[in-house]
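Asks: return a 3D structure for these sequence lines:
(one chain, ligands or ions: 1)
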Amino acid sequence: MELWFTEKQTPNVGITCKVNKTYHTEKTEYQEMALIDTEQFGRMLVLDGTVQTTVKDEFVYHEMITHVPLFTHPNPKKVLVVGGGDGGAIREVLKHPSVEKVVLVEIDGSVVEVSKKYLPEISCALEDERAEVVIADGIQYVRDHAGEFDVITVDSTDPVGPAVGLFALDFYKSIYDALKEDGIFVAQTESPFFNDDLIKRVYKDIASVFPIARLYLCAIPTYPSGLWSFTMGSKKHDPLETNIADIPELNTKYYSGRIHHSIFALPRFVEDLLK
Ligand code: AG3
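Replies: Model (predicted):
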């Protein structure tokens with residue numbers, strides 16, 4: 001018998017994947033979680049019915065949420081990842097030799113445990129000695145750590161349920177305060193096709209808090225519409241001024257020095273959202 005999983009990305013569109021095996025399902029304190037093996041994308045983490053990451057395409061998201069801010073900053077030493085309990089962002093952050101410490105603050109300890117068990121290629125760096133995993137509310141953690149970080153990335157779920165507060169103006173203000181004087185912040189900000197109102201609002205809020213606000217795009221096949229956005233707020237360093245000749249080759253599959261500038265060239269309809 002064939003089994004298929006569908007994420008209803010909007011009330012009218014879905015992505016459907018053939019399932020080879022269900023490794024784990026759980027109702028955690030915060031959400032419903034499933035870890036399945038799909039024929040097309042390999043093992044997949046699903047939270048509240050939405051695809052979080054898959055073994056086949058996770059590299060795009062995790063490289064792009066980390067290397068863009070980390071190479072915009074001249075010397076990132078202390079990094080915070082809010083959310084991202086699968087550890088993929090941490091793995092990429094730790095490719096930077098300048099990084100002395102990366103803190104992961106994830107609200108749902110079960111996501112970390114299941115990722116360690118079933119997604120070793122994504123979660124491997126959670127055990128690194130430069131990584132600290134804190135199971136706590138990211139909003140409170142950020143409030144309690146003023147002036148500490150060079151880079152903060154917000155690797156959240158969609159802006160529903162536990163993640164709503166991670167897309168709020170007040171949160172961006174406390175992120176600003178948690179950064180050092182030349183700190184940089186990036187958040188995942190959904191699809192310009194399906195979440196245009198959110199992108200408009202978030203960009204406006206981030207631009208009201210940070211002197212430099214930039215949005216960039218990449219292609220992620222398992223996320224709604226396949227075109228995904230990240231929004232950066234920076235106190236001092238502009239990613240458009242990064243000297244890309246200085247960017248070394250890391251072991252990456254999507255990010256490169258060439259792409260560091262090109263991702264900020266936006267399609268007209270996305271440019272219009274930022275006006
Ligand atoms: N966090 C962003 C997932 C958003 C996907 N949305 C959806 N499928 N509706 C990904 C976590 C990876 N570390």
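Asks: can we go C-alpha only for contacts and neighbour counts from here?
Replies: OK.
Asks: show me where the stretch 1-150 of the chain has helices.
Replies: Listed in chain order, the helices of the stretch 1-150 of the chain (DSSP state H, counting those that start in this stretch) span 58-64, 67-72, 88-93, 109-118, 120-123, 138-143.
Asks: now swap in the stretch 151-275 of the chain and tell me
Replies: Counting by DSSP H, counting those that start in this stretch, the helices of the stretch 151-275 of the chain are 169-178, 196-209, 257-262, 268-273.
Asks: packing partners for the last one?
Replies: The one in question is helix 268-273. For helix 268-273, the helices and strands in contact under the criterion 3 or more C-alpha pairs under 8 Å, 6 or more residues apart in numbering; DSSP states H and E are helix 196-209.
Asks: for stretch 167-184, what is the average pLDDT?
Replies: Mean pLDDT, stretch 167-184: 98.
Asks: contacting residues around it?
Replies: 69, 73, 139, 142-143, 145-152, 159, 165, 185, 202, 205-206, 209-210, 232-237 (C-alpha atoms under 8 Å, 6 or more residues apart in numbering).
Asks: show me how to select, in ChimeraX, the buried members of these.
Replies: In ChimeraX, the members of the contacts of stretch 167-184 classed as buried (16 or more other C-alpha atoms under 10 Å) are selected with the following command:
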select :69,73,139,142,147,148,149,150,151,152,185,202,205,206,209,210,232,233,234,235,237
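Asks: keep only the contacts of stretch 167-184 that also lie close to the ligand.
Replies: Residues of the contacts of stretch 167-184 in contact with the ligand (C-alpha under 6 Å from any ligand atom): none.
Asks: thinking again about what came up before, for the helices of the stretch 1-150 of the chain, which one ends up most surrounded?
Replies: Highest mean neighbour count of the helices of the stretch 1-150 of the chain: helix 88-93, a mean of 27 (counted as mean count of other C-alpha atoms under 10 Å).
Asks: flag every residue of the protein that's near the ligand.
Replies: Counting by C-alpha under 6 Å from any ligand atom, the chain sits next to the ligand at 9, 50-53, 84, 86, 88, 155-158, 223-224.
Asks: same list, those, but as CSV with pLDDT please.
Replies: Formatted as CSV, the residues of the chain next to the ligand follow (pLDDT from 0 to 100):
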residue, pLDDT
Q9, 98
T50, 98
V51, 98
Q52, 98
T53, 98
G84, 97
D86, 98
G88, 98
D155, 98
S156, 97
T157, 97
D158, 97
Y223, 98
P224, 98
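Asks: which of those lies closest to E100?
Replies: Closest approach between those and E100, by C-alpha to C-alpha: G88, at 17.5 Å.
Asks: give me the nearest residue to that closest one, chain neighbours excluded.
Replies: Closest residue to G88 apart from its sequence neighbours, by C-alpha to C-alpha, 6 or more residues apart in numbering: I122 at 4.9 Å.
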